[in-house]
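1. Below: sequence and its predicted model.
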Amino acid sequence: MEVQTMKKIVLLSAFTVGLGLGVASCDSYMDINQDPNSPSEGNVTTGMIMPAAEMSIAGSYGDFLFITGGYFAQHYTQQFGTSNYLSYSRFEMSPTRNGSTYTQLYQKSLNNLKNINDRALADNDLGTSLAATTLRAFVFQALVDCYGETPYTEALDPNNLAPAYDEGQTVYEGVLAELDEALSQVEPSAEVCTNFLFPNQSAGSWIKFAKALKLKLLMRMSNVKDVRAEVGALIAGNDFPASDVRWAGCWADEAEKRNPLYSEDFAPGMQQNLVANLAIVNTMQVRDDLGNIVYTDPRLAVFFKPNAEGNFEGSISGAQYTGTNKYNANYWCRPAVTYDQPVYLLTVAETEFFMAEYYARYGSASDAAAHYAAAIEASFATAGVDGAAEYLERYPYDSNEPMRCIGVAKWVALAGVNPFEAWCEMRRLDYPAFGTAQGSDFYKNNDDSFDTGSYVPGTLYTPIQVFGMVGSNKLLERFPYAETSSSRNSNVPDFPGYTTPVFWAK
């Protein structure tokens, strides 16, 4: 289906998660509504619904979750003179700000995927069923990773406007079972309906994606459940994607056809809120004792643009600068975002990092080192730059501290690619860890001095004026339940607190 036809896609979704019938989304990109010129419901095919479901996911995962993940992972911080995302920079998330994304994922993504799967199973279209099931598992995974608990077993029932919230582990195990069932029924040669993720490809590509997603889900829960056998079987099968799973080639430099993050913050006329965080910039640039740069990670120039003077300078989480001739809006470098930038769902590097972790925990150090090196090489390939060999010389696999080694390298690799997943993995692996320096050590607002000499590369720091419900040397561990749900659903549980880990991080 051509990009030009996106606005003609029919959206079929009953609002069934106890939120109400209306939705106003800040994720305005691809806000696809019923077109009166579209065919009636009886003539709608799965190939007409699937692109709408995909773009709904892309609009939430590739914009709101990308942005907030970037702030919480200390990849980004707030631009001088703006305040739109200042609360994120201070590790704060309100029930109202995440509501439209929560609504979008249920109303437009999951409902459409259910519709697709129901139609596909009725027609014995097992390739399309696998595709819908895989994206459904992906969405539920993201919801659990944000909220900890979310409607699952009672969700998407039009007769139940107050579905119960399920424990995160219940959701993970449920979607894993769904993936196993779908995988057991499909052949690689099976056809799949029209879609943007793997256009003109058979179910073989979706099988590989589903297996890589299973690996991620299992490794996420590996600290709270023994999944060694399941992960070992997946790795032994070695049937994972050979290239990054991403929505690419479907964007155009026109309104409502651009990458969702670009449309939100980087398109002409839009206020640019995001700047690079000193944590990621000062980790990707190595300085000697005199402060001279002696090594720059080649991926830095792919993830961020240099400032007006051609340098890479990172700002501080939580700061709201008064501004001087030097520390003004042009001093900090900004994310390098283009209208056709892919929305990454799962990269080869992530899969290799998971396998490195598996071998570090259960196998040999040599196998862990091999997959760690493969992860670094895949990350450099995603960025389109050379230099993986030099990086590995500087940062080789460390069998004495494997989780720190893997955690920091993964955090770097996901910057500019998928910060949301970086935030998830930081909470699970506990790396990067917090250093001894605080954000207030780097910047003194009363005299406008800026000094990052006390920052230790590969660490986090407490933001200036950090959200009081999080506090010092802690990450925001979860979103509060969305106000769009809690205001209407009597079964929303009591919020356990911003620093209470989701199930896989306990």
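-> Perfect, thanks for sending it. Remember, predicted model here, so these are calculated numbers, not experimental data.
2. Could you use CA atoms for every contact and neighbour count after this?
-> Will do.
3. check which helix or strand covers Tyr431.
-> In this assignment (DSSP states H and E), Tyr431 forms part of neither any helix nor any strand.
4. Mind giving me the packing neighbours of the top helix by length along the chain?
-> Assignment by DSSP state H gives helix 126-147 as the longest helix of the chain. Judged by 3 or more C-alpha pairs under 8 Å, 6 or more residues apart in numbering; DSSP states H and E, helix 126-147 is in contact with helix 46-59, helix 111-122, helix 168-185, helix 203-220.
5. any idea which residue sits dead centre in this structure?
-> Taking C-alpha atoms, centre = their mean, the centroid of the chain lies closest to Phe420, which sits 3.1 Å from it.
6. mind checking the SS state of that residue?
-> helix (DSSP: H, G, I helix; E, B strand; the rest coil).
7. hang on, the earlier thing: tell me the gap between the longest helix of the chain and the middle of its chain.
-> For helix 126-147, the distance from its own C-alpha centre to the chain's C-alpha centre is 14 Å (C-alpha atoms, centre = their mean, to the nearest Å).
8. Partner strands of the helix or strand just after it, with direction?
-> Next in sequence after helix 126-147, counting helices and strands by DSSP H and E, comes strand 150-151. Using DSSP bridges, strand 150-151 pairs in its sheet with strand 165-166 (antiparallel).
9. Looking at the partner strand now, give me its mean pLDDT.
-> Throughout strand 165-166, pLDDT has a mean value of 98.
10. Need the contact partners of that strand.
-> By C-alpha atoms under 8 Å, 6 or more residues apart in numbering, the residues outside strand 165-166 that reach it are 149-153, 491-493.
11. which one among those residues gets closest to Tyr443?
-> Closest approach to Tyr443 among the contacts of strand 165-166 (C-alpha to C-alpha): Glu149, at 37.6 Å.
12. where's that closest one relative to Ala383, distance?
-> Glu149 is 34 Å from Ala383, where distance means C-alpha to C-alpha, to the nearest Å.
13. Comparing these two, which shows the higher neighbour count?
-> Neighbour count, other C-alpha atoms under 10 Å: between Glu149 and Ala383, Glu149 has more, with 24 against 18.
14. so the more buried one makes contact with Ala164?
-> No. With contacts counted by C-alpha atoms under 8 Å, Glu149 stays clear of Ala164, the gap being 9.6 Å.
15. ok, back up a step: in JSON lines: the contacts of strand 165-166, plus pLDDT and distance to Leu392.
-> Shown next, in JSON lines, are the contacts of strand 165-166 (pLDDT from 0 to 100; distance: C-alpha to C-alpha, whole Å):
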{"residue": "Glu149", "pLDDT": "98", "distance to Leu392": "39"}
{"residue": "Thr150", "pLDDT": "98", "distance to Leu392": "40"}
{"residue": "Pro151", "pLDDT": "98", "distance to Leu392": "43"}
{"residue": "Tyr152", "pLDDT": "98", "distance to Leu392": "42"}
{"residue": "Thr153", "pLDDT": "97", "distance to Leu392": "45"}
{"residue": "Asn491", "pLDDT": "96", "distance to Leu392": "50"}
{"residue": "Val492", "pLDDT": "97", "distance to Leu392": "47"}
{"residue": "Pro493", "pLDDT": "97", "distance to Leu392": "46"}
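16. Greatest separation within those: which pair is it?
-> Greatest spatial distance in the contacts of strand 165-166: Thr153 and Pro493, 15.3 Å, computed using C-alpha to C-alpha.
17. Export the helices and strands packed on helix 126-147 as CSV, with columns for mean neighbour count.
-> Below are the helices and strands packed on helix 126-147 laid out as CSV (neighbours: other C-alpha atoms under 10 Å):
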stretch, mean neighbour count
helix 46-59, 25
helix 111-122, 20
helix 168-185, 18
helix 203-220, 23
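18. Would you mind telling me which of the ones you listed is nearest Thr436?
-> Checking those against Thr436 by C-alpha to C-alpha gives helix 203-220 as the closest, at 27.8 Å.
19. What mean pLDDT does that closest one get?
-> The model assigns helix 203-220 a mean pLDDT of 98.
20. So which elements touch that helix?
-> For helix 203-220, the packing partners by 3+ C-alpha pairs under 8 Å, 6+ apart come out as helix 126-147, helix 168-185, helix 228-237, helix 348-362.
21. Which of the contacts of strand 165-166 ranks first by neighbour count?
-> So for the contacts of strand 165-166 (other C-alpha under 10 Å), the most neighbours sit at Thr150, 26 neighbours.
22. so what's the closest residue to it other than its chain neighbours bridging to?
-> Leaving aside its sequence neighbours, Thr150 sits nearest to Tyr165 (C-alpha to C-alpha, 6 or more residues apart in numbering; 4.7 Å). Beta bridges link Tyr165 to Pro151, judged by DSSP bridges.
23. Can you tell me the number of residues neighbouring Tyr165?
-> Tyr165: 19 neighbours (other C-alpha under 10 Å).
24. pretty sure Asp253 is touching Pro268, no?
-> No. Contact between Asp253 and Pro268 fails when scored by C-alpha under 8 Å: they sit 10.9 Å apart.
25. what's Val385 in contact with, if anything?
-> 298-299.
26. next one: Tyr262
-> Contacts of Tyr262 by C-alpha under 8 Å, 6+ apart are 337-339.
27. per-residue confidence at it?
-> On pLDDT, Tyr262 comes in at 96.
28. what bits of the stretch 351-500 of the chain have low per-residue confidence?
-> Within the stretch 351-500 of the chain, the stretches with pLDDT under 70 are 444-448.
29. And the strands in it?
-> In the stretch 351-500 of the chain, the segments counted as strands under DSSP state E, counting those that start in this stretch are 434-438, 443-444, 449-450, 460-462.
30. Which residue, neighbours along the chain excluded, lies closest to Asp253?
-> Leaving aside its sequence neighbours, Asp253 sits nearest to Tyr339 (C-alpha to C-alpha, 6+ apart; 6.0 Å).
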